[in-house]
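Peer 1: heads up, no residue letters with this:
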């Protein structure tokens, strides 16, 4: 866009420290993201080596590979490596001419990497439970969709931020409740009745301390930081 129109005011901060090379008007910003791409390829090679090694152990009927440990999910690691590589590629595309419209190029795969790391940590912490792939990846798509909506409608539209704040606070409270009760508190249309019953029995009839004090403190601190950021 800048090379065609010649309007360098659009990308002033980008051109302030730009180092052109050939047809690329800001080669240094592309080069700075080469580390993400190389690290992604290195991660993929490490995962491929572990995958081939594990398959060779299975073919050799190795007792440790067959009867010990948790099931290996190399597909998730491959996805993390590809996401890291694409983060470098799209971040380079964004930094050629940073603006409000293509900001999602730089952030979409950041969300993917963060979500995949959370999913892997959950699988490591709960080896006997596999999270639903449909729900997990649908949530990734929802996060990216909301980010796109923020780019399209978020600028100078107060109603979007009001709606987003309501969804954000409601989702944070629902997730905090799910974590506090370790999944034993069902989130459905009867949740408001159960919340009223818990508040009435625990605070009105007897003002007792929370059942899980350490978990409650961590969730309160986490929600305060989440809302104010």
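Peer 2: That came through, no problem. Bear in mind that the values here come from a model prediction, so they are computed numbers and not experimental data. Numbers count the residues shown, from 1 in each chain.
Peer 1: residue ranges with poor pLDDT in this structure?
Peer 2: Residue ranges of the chain with pLDDT under 70: 1-17, 25, 127-131, 154, 182-192, 194-196, 198-210, 229.
Peer 1: what residues go with each domain of this protein?
Peer 2: Segmentation of the chain into domains, based on automatic domain parsing, reads 1-31, 34-156, 157-229.
Peer 1: how about JSON lines for those domains, with mean neighbour count added?
Peer 2: From N, CA and C alone the C-beta is placed, and that goes for glycine too. What follows is those, written out as JSON lines (neighbours: other CB atoms under 10 Å):
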{"stretch": "domain 1-31", "mean neighbour count": "13"}
{"stretch": "domain 34-156", "mean neighbour count": "14"}
{"stretch": "domain 157-229", "mean neighbour count": "11"}
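Peer 1: give me the contacts around stretch 215-229.
Peer 2: Under the contact criterion CB atoms under 8 Å, 6 or more residues apart in numbering, stretch 215-229 has outside partners 168-169, 172-173, 176, 179-180, 210.
Peer 1: ok, which stretches of this structure are helices?
Peer 2: 2-5, 12-16, 27-31, 34-59, 63-67, 74-96, 103-125, 133-153, 158-180, 191-199, 213-228 (DSSP state H).
Peer 1: picking up where we left off before, which one of the contacts of stretch 215-229 sits closest to residue 153?
Peer 2: Nearest to residue 153 among the contacts of stretch 215-229: residue 168, at 15.3 Å, using CB to CB.
Peer 1: for residue 105, give its distance to residue 180.
Peer 2: 37 Å (CB to CB, to the nearest Å).
Peer 1: now do residue 145
Peer 2: Distance from residue 145 to residue 180, by CB to CB: 28 Å.
Peer 1: OK, contacts around residue 170?
Peer 2: Residue 170 neighbours (CB under 8 Å, 6+ apart): none.
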